[in-house]
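Asks: What shape does this take:
(2 chains)
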2 protein chains.
Amino acid sequence: MKRLIRQFGAWLVLMAIASIAHAAPSEPTSVRGTGDLGIVIERATGSLLIIDSTKRVAVKRIEGLGDLSHASAVFSRDERYAYVFGRDGGLTKVDLLTGSIAHRVMQAGNSIGGAISDDGTLVAVSNYEPGGVRVFDADTLALVADIPAKWSGGTSKTIGLVDAPGRRFVFSLWDAGETWIADFSKGSKPQITKFAEIGSNPYDALITPDGRTYIAGLYGEDGLTAIDLWQASPAPRKILQGYGRGEEKLPVYKMPHLEGWALAGDRFVLPEVGHHEVLWVDSRSFKEVARTPVHGQPVFAIARPDGRYVWVNFAHPLNDTIQVLDTLTGKVVREWKPGPGVLHMEFTPRGNEVWVSVRDSNVVQVYDAHTYEKKAEINAKSPSGIFLTARAHKTGL
Amino acid sequence: MKRLIRQFGAWLVLMAIASIAHAAPSEPTSVRGTGDLGIVIERATGSLLIIDSTKRVAVKRIEGLGDLSHASAVFSRDERYAYVFGRDGGLTKVDLLTGSIAHRVMQAGNSIGGAISDDGTLVAVSNYEPGGVRVFDADTLALVADIPAKWSGGTSKTIGLVDAPGRRFVFSLWDAGETWIADFSKGSKPQITKFAEIGSNPYDALITPDGRTYIAGLYGEDGLTAIDLWQASPAPRKILQGYGRGEEKLPVYKMPHLEGWALAGDRFVLPEVGHHEVLWVDSRSFKEVARTPVHGQPVFAIARPDGRYVWVNFAHPLNDTIQVLDTLTGKVVREWKPGPGVLHMEFTPRGNEVWVSVRDSNVVQVYDAHTYEKKAEINAKSPSGIFLTARAHKTGL
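Replies: Numbers count the residues shown, from 1 in each chain, chains lettered A, B, ... in the order given. Now for the predicted structure:
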């Protein structure tokens, strides 16, 4: 009898505990909007931070994402999930609300970047090994299509993968010097259009914010190649013939990222290769219209979303500095040293603030993009890329 | 003893039930991303529908929003809340996750439109009665600032209220023919800049997508007035001198909305007043470069987000039709009749689909914006404006 009462008592205690555990707050923290979330890549530890750009805080660290050097990310159209592209071929779908890994596949041996289709249903990854593009179902990460980058010389590494309107992906073949369009508008079997001889060793590419023009940077020769996707039969054309490493083959500490190209008023602004300059390029003619001397070899030249100012960071060993250029005058109007290893800058969608990763200080800094006041500093382990969910609504990001 | 065992048994059953009751799905429906939500205004019933643009469904109806004729909405930066501006001065904050009204204030007697500051902290409303702009805390809807539109002739109705970068709002005074900038960058007390004599009876306005140029349409005279906000001392200038009702004062069934102005390639496209035409305007010079004859008096001319095509709807009695124009050729490439009372069109953020309200059929239709296939039809009571949360990330929307 006593034993029974003790058992009963133990049951009561257990059930009470179970009951408390279940009595979650009526609104758990995961009931929240997702338009102000984002992630910070922690490259050295294979982890990322989920961030809240309204409160300017890190919400949670997620680990186990493999090799995240040069990692990038895109977002689901509901802005709940991040798709993180690792360097080791890992593709990880991260749930920003529950703070957990929803799916993860090792989809290749070595990869560089990815994209999500305009309807949000397909995620594509650009691979070095095996060379080509693989396309996955955005819900399940099941393989939908495999596009090996076969050419006369074998199988090429692929780079510069972007989404284009109409359920298309565009990418380039490093070894082959080709650009391909994979059109999934008819379903899961893509129609492939190939452009041969776009130039030697395309190393990175971008699509203009309206999704109209695909531009590939060339490592093997000067100039860039532009393709106007609005045309019924697009033809690649060479632009900015003087852009590149030049005849003298200057020492280049880091080839600049092309993703940074952004429209500042009527002009694109882009980092020059090797030289301590940024270029201003007419957005219609793609002709160079001006140059601004800057602090070092520029890596990213990123326009504030309204285009009024352009923020520039630099390659090693001058990568402790940010300069800000006035779009109207082309002049440097601000310069300071956030700390060693300024790797990336991400503006909030309407440009009121900017997030800056300072790798070797192990912090992310948040600045008022108008007054330059530092609003917050957040601890992060060797932070590199910063990606806000607002990218979900943009072509080519 | 038996009684004790029975009690124990009853407890077990009760706790098991309690345990089941608490074992709610680990993820309630309100745990979801908000980047693919939106609202449809039901003007006749003072209600709105919350919609899911991924599943193409209505999630819930919310009632009790007052007079919603000409209602519009903006979104919080986390894309969780809609701020709905009613015609009767009602300002309602709707929680899209819980499907409920979070706050509601009657802030004036008669109002027209509103805006949210680039940092998401201030919501402004443009009022006819009392004439002026009132600014509210985005969290609580507490009044932050009251800006009566005083001029030499008394107090003016205000129109064409938009947000501009740097925590600013820009609006115009119908009676006074003035444009004002209210700059909240220094806190809750705005610095006001006034531009006098911008033209007679400004009736609507827009800001270009980059937040650079404010353009007011004039009811009292032809032409429009543009103000370049990038300049240190901006000066209003007259553009498109021939735009308007003209000398003969054509019958105008509905003054076209200016919000529809969107960049299609290098040109803005806008509905002509009174005439059955849309205008193509160079985005740099603001000079007219072409006209396209269309089906009726255009109300909205909205570019697909990539700018490749422009969708046009029309004023009564020809408001059962949509025409689609090719941006490269300027020609009509598609025309059909969705039904009586086509009032509004809203593209998904990357332009793969478009939502169309067909008021007098009491439906909202969803089209593939590339193939024109109708993907869904959703019942709605006299639907008018459609607003997707992606607007949270855009200037001027």
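Asks: and the residue of the stretch 201-350 of chain A found nearest chain B, backbone torsions?
Replies: Relative to chain B, the nearest point of the stretch 201-350 of chain A is A:P349 (3.5 Å; CB to the nearest CB). (Glycine included, C-beta is placed from N, CA and C.) Main-chain dihedrals, A:P349, degrees, to the nearest 10: phi -60, psi -30.
Asks: Now do the contacts for it.
Replies: A:P305, A:L388, A:A390, B:R77, B:A392, B:H393, B:K394 (CB atoms under 8 Å, 6 or more residues apart in numbering or on different chains).
Asks: The fifth one falls within a helix, correct?
Replies: Same thing as B:A392. Yes: counting by DSSP: H, G, I helix; E, B strand; the rest coil, B:A392 is part of a helix.
Asks: Can you give the contact residues for the one helix or strand A:V40 maps to?
Replies: A:V40 is located in strand A:37-42, with elements delineated by DSSP states H and E. By CB under 8 Å, 6+ apart, the surrounding residues in contact with strand A:37-42 are A:48-53, A:58-59, A:61, A:68, A:71, A:73, A:79, A:82, A:84, A:94, A:96, A:346, A:355, A:357, A:364, A:378, A:380-389, B:78.
Asks: Quick check: of the contacts of A:P349, which has the highest neighbour count?
Replies: Neighbours here mean other CB atoms under 10 Å in any protein chain shown. Within the contacts of A:P349, the largest count is held by A:A390, at 29 neighbours.
Asks: got a list of what that one touches?
Replies: For A:A390, counting by CB under 8 Å, 6+ apart, the contacting residues are A:G35, A:E79, A:T348, A:P349, B:H393.
Asks: Could you identify the most distant pair in those residues?
Replies: Farthest pair in the contacts of A:A390 (CB to CB) is A:E79 and A:T348. Separation: 13.9 Å.
Asks: Neighbour count: those two, which is higher?
Replies: Neighbour totals were compared for A:E79 and A:T348, and A:E79 leads with 31 against 24 (other CB under 10 Å).
Asks: What distance do you get for the more buried one to B:T389?
Replies: 9 Å (CB to CB, to the nearest Å).
Asks: What of A:R104?
Replies: Distance from A:R104 to B:T389, by CB to CB: 28 Å.
Asks: Would you reformat the contacts of A:A390 as a markdown table and include pLDDT and distance to A:G244?
Replies: Shown next, in a markdown table, are the contacts of A:A390 (pLDDT from 0 to 100; distance: CB to CB, whole Å):
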| residue | pLDDT | distance to A:G244 |
| --- | --- | --- |
| A:G35 | 98 | 39 |
| A:E79 | 98 | 37 |
| A:T348 | 98 | 33 |
| A:P349 | 97 | 32 |
| B:H393 | 97 | 34 |
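Asks: a markdown table for these, including distance to A:V273?
Replies: Shown next, in a markdown table, are the contacts of A:A390 (distance: CB to CB, whole Å):
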| residue | distance to A:V273 |
| --- | --- |
| A:G35 | 36 |
| A:E79 | 35 |
| A:T348 | 29 |
| A:P349 | 29 |
| B:H393 | 32 |
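Asks: Go through the residues you listed and say which is closest to B:I322.
Replies: B:H393 (26.5 Å).
Asks: The stretch 201-350 of chain A against chain B: which residues are in contact?
Replies: Within the stretch 201-350 of chain A, the positions adjacent to chain B are A:210-212, A:230, A:263, A:265-266, A:284, A:304-308, A:327-328, A:348-350 by CB under 8 Å from any CB of the partner chain.
Asks: redo that, cut-off 7 Å
Replies: Contacts of the stretch 201-350 of chain A with chain B, taken as CB under 7 Å from any CB of the partner chain, map to A:D210, A:G211, A:R212, A:W230, A:D266, A:R284, A:D306, A:G307, A:R308, A:L328, A:P349, A:R350.
Asks: Can I get the buried part of those residues as one PyMOL selection?
Replies: Selecting only the buried entries of these in PyMOL, with 16 or more other CB atoms under 10 Å in any protein chain shown as the criterion:
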select buried, chain A and resi 210+211+212+230+266+306+307+308+349+350
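Asks: Out of the residues of the stretch 201-350 of chain A next to chain B, flag the one nearest to B:G274.
Replies: A:D210 (30.7 Å).
Asks: how much space is there between that closest one and B:D306?
Replies: Distance of A:D210 to B:D306, given as CB to CB: 5 Å.
Asks: do the same with A:L224
Replies: 21 Å.
Asks: about what we covered before: out of the residues of the stretch 201-350 of chain A next to chain B, which are inside helices?
Replies: Judged by DSSP state H, helices contain none of these.
Asks: Can you list the low-confidence ranges for chain A?
Replies: Scanning chain A for pLDDT under 70 picks out the ranges A:1-29, A:247-252, A:260.
Asks: what ranges do the helices span in it?
Replies: A:2-22.
Asks: Name the residue closest to the centre of it, please.
Replies: Most central in chain A under CA atoms, centre = their mean is A:S72, positioned 4.4 Å from the mean C-alpha point.
Asks: thinking that residue is in contact with A:G385, fair?
Replies: Yes: if you go by CB atoms under 7 Å, A:S72 and A:G385 touch, sitting 5.9 Å apart.
Asks: Need the residues touching each of A:E79 and B:T389.
Replies: Here A:E79 and B:T389 have A:G35, B:T34, B:G35, B:E79 as joint contacts, going by CB atoms under 7 Å, 6 or more residues apart in numbering or on different chains.
Asks: What separation do you get for the residue nearest to the centre of chain A and chain B?
Replies: 18 Å (CB to the nearest CB, to the nearest Å).
Asks: how about the nearest residue to A:H393, chain neighbours excluded?
Replies: Of all residues not flanking A:H393 in the chain, B:P349 sits nearest, at 3.5 Å (CB to CB, 6 or more residues apart in numbering or on different chains).
Asks: So the one you found versus B:R77, what's the distance?
Replies: Taken as CB to CB, the span from B:P349 to B:R77 is 15 Å.
Asks: so where do the strands sit in the stretch 151-300 of chain A?
Replies: A:154-155, A:158-164, A:168-173, A:178-183, A:191-195, A:202-207, A:213-218, A:224-228, A:237-239, A:262-264, A:267-271, A:277-282, A:288-293, A:298-303 (DSSP state E, counting those that start in this stretch).
Asks: quick one, which of those strands is packed in tightest?
Replies: By mean neighbour count, with neighbours taken as mean count of other CB atoms under 10 Å in any protein chain shown, strand A:168-173 ranks first of the strands of the stretch 151-300 of chain A at a mean of 27.
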